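Engineer: Provide a 3D model corresponding to the input given below.
(one chain, ligands or ions: 1)
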Amino acid sequence: MNILAIESSCDETAAAVVRDGRTVLSSCVASQIEMHTIYGGVVPEIASRKHVEAVTALADQAVGQAGLSQRELDAIAVTCAPGLIGALLVGVNFAKGAALALNLPLIPVHHVRGHIAANYITHPDLEPPFTCLCVSGGTSAIVDVTSYTEMTVLGSTRDDAAGECFDKVARVLGIGYPGGGPMDRLSRGGDPRKYPMPQAHVQGAELDLSFSGLKTAALNLIHNARQKGEELDLPSFAASFGQAVSDSLVPRTMRAAERLGYGKIAVAGGVAANGRIRQDLQAACARSGDRLYLPELSLCGDNAAMIGAQGFYEFQAGKRAGWDLNASATRDISLG
Ligand code: KG4
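Structural biologist: Coordinates of the predicted model:
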């Protein structure tokens, strides 16, 4: 089954063709990062306009690169939630038009479910159930992936997402947007224990996360050093920050995995590219005996291949959207 997938939830327009949920025939991404860098963050109105400009050509390109004609497509999948509402609506309306014109079924896909499905592309042998750490610019959650389409959030952030914190701290340091990658690279060779950072614990909810205190502490450290005219040891600062994020995520993920007992842990989302988090999870899984599944780096960030992968499993479970499909800025992952 060949699915044309469309993704436009934030600042990347993407289109891909995926066969049977596992084989990527093409994957095209048009990034808007250069445009948003000027403002130090995503400007929603600009994002929507850029999606409008890019989506049609990108979808044509994806079908062409897959070596298929439009007649050989079997369904259209599209990210419908969560994300920037104006940005999502561009993809949703394009997908509706394409499905109507080509007389194909339309499959709505939850963006974070897509991130999880990136692992099905990288690891052909991975099947649910497994525990999944989902960490991106908008989400930080530990998810029980019971089946391809049944999921429960066991713990999530009470405030900021992990990626958002990397972005805010990097912005104040002036090292680029989005900041996760630059912070990761800056941290290499730094001492991760040089700048002690706070750890938040949510009382009564041991798997829940909180990053706003860590973000504020890191920003205060930068401002205090600047006010006193002191030089921060930047690699050690970035390493200490990355270590604090990892120390928040990894033990909770391992606790959830132990509770669920599946023996399999996957990671999903842009922050899954982080070197410290990948290394700490590898070490923790070597100790616990769990098998760790990491998505390949090119599939960690937003892309449409992951939407095509999840779209296949949603389709198999009977999910279809009507022409009244709407986008939602927020949506629980368990609702799909
Ligand atoms: O999954 P994604 O592309 O978009 C969302 O669905 O949110 O994630 C983007 C986030 C950004 O916050 C970015 O700074 C972060 O992922 N990120 C990283 C790394 N690469 C990207 N965070 C930490 N370390 C990285 N290497």
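Engineer: how about Cys28, phi and psi?
Structural biologist: Summarising the backbone geometry of Cys28 under the convention degrees, to the nearest 10, its torsions are phi -120, psi 130.
Engineer: count the neighbours of it for me.
Structural biologist: Other residues near Cys28 come to 23 when the count uses other CB atoms under 10 Å. C-beta coordinates here come from the backbone N, C-alpha and C atoms, glycine included.
Engineer: isn't it up against Ala62?
Structural biologist: Yes: under the contact definition of CB atoms under 8 Å, Cys28 touches Ala62, with a separation of 4.8 Å.
Engineer: what is in contact with those two at once?
Structural biologist: Taking CB atoms under 8 Å, 6 or more residues apart in numbering as the contact rule, Cys28 and Ala62 both touch 15-16, 304.
Engineer: out of those, which is nearest to the ligand?
Structural biologist: Ala304 (12.3 Å; CB to the nearest ligand atom).
Engineer: ok, that closest one touching Val29?
Structural biologist: Yes: counting by CB under 8 Å, Ala304 touches Val29, with 7.5 Å between them.
Engineer: can you tell me the distance between the two ends of stretch 67-78?
Structural biologist: Separation of the first and last residues of stretch 67-78 by CA to CA, to the nearest Å is 21 Å.
Engineer: packing partners of the least confident helix or strand in the chain by mean pLDDT?
Structural biologist: Considering only helices and strands, the least confidently modelled element of the chain by mean pLDDT, DSSP states H and E is helix 33-37, at a mean of 90. Helices and strands touching helix 33-37, by 3 or more CB pairs under 8 Å, 6 or more residues apart in numbering; DSSP states H and E, are helix 44-65.
Engineer: next secondary structure after the helix it packs on?
Structural biologist: Downstream of helix 44-65, the next assigned helix or strand under DSSP states H and E is strand 75-81.
Engineer: adjacent strands (with direction) for that next one?
Structural biologist: Based on DSSP bridges, the strands next to strand 75-81 in the sheet, each with its direction, are strand 2-7 (parallel), strand 106-110 (parallel).
Engineer: the next helix-or-strand element following the longest one pairs with which strands, parallel or anti?
Structural biologist: Scanning the chain past strand 2-7 towards its C-terminal end, the next helix or strand to appear is strand 12-19 (assignment: DSSP H and E). Applying DSSP bridges, strand 12-19 is found paired with strand 2-7 (antiparallel), strand 23-31 (antiparallel).
Engineer: let's have these in CSV, adding mean pLDDT and distance to Cys80.
Structural biologist: As requested, the strands paired with strand 12-19 are exported to CSV (pLDDT from 0 to 100; distance: least, CB to CB, whole Å):
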stretch, mean pLDDT, distance to Cys80
strand 2-7, 99, 10
strand 23-31, 97, 19
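Engineer: could you tell me which residues make contact with whichever residue of the stretch 51-200 of the chain sits closest to the ligand?
Structural biologist: Proximity to the ligand, evaluated over the stretch 51-200 of the chain using CB to the nearest ligand atom, is greatest for Gly180 at 2.0 Å. Residues near Gly180 by CB under 8 Å, 6+ apart: 163, 166-167, 170, 270-271, 273-274.
Engineer: which of the strands paired with strand 75-81 is buried the deepest?
Structural biologist: The highest average neighbour count among these, using mean count of other CB atoms under 10 Å, belongs to strand 2-7 at a mean of 28.
Engineer: contacts for it next, please.
Structural biologist: For strand 2-7, with CB under 8 Å, 6+ apart as the criterion, the contacting residues are 13-19, 25, 55, 59, 62-63, 66, 68, 72-79, 91, 94-95, 98, 107, 109, 111, 114, 302-308, 311-312, 315.
Engineer: for PyMOL, write the selection for the buried entries among these.
Structural biologist: Buried subset of those, written as a PyMOL selection, criterion 16 or more other CB atoms under 10 Å:
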select buried, resi 13+14+15+16+17+18+19+25+55+59+62+63+66+68+73+75+76+77+78+79+91+94+95+98+107+109+111+114+302+303+304+305+306+307+308+311+312+315
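Engineer: which ones are touching the residue nearest to Phe94 when sequence neighbours are not counted?
Structural biologist: For Phe94, ignoring the flanking residues on the chain, the nearest one in space by CB to CB, 6 or more residues apart in numbering is Val55 at 4.8 Å. Val55 sits next to 6, 8, 13, 15, 90-91, 94 when contact means CB under 8 Å, 6+ apart.
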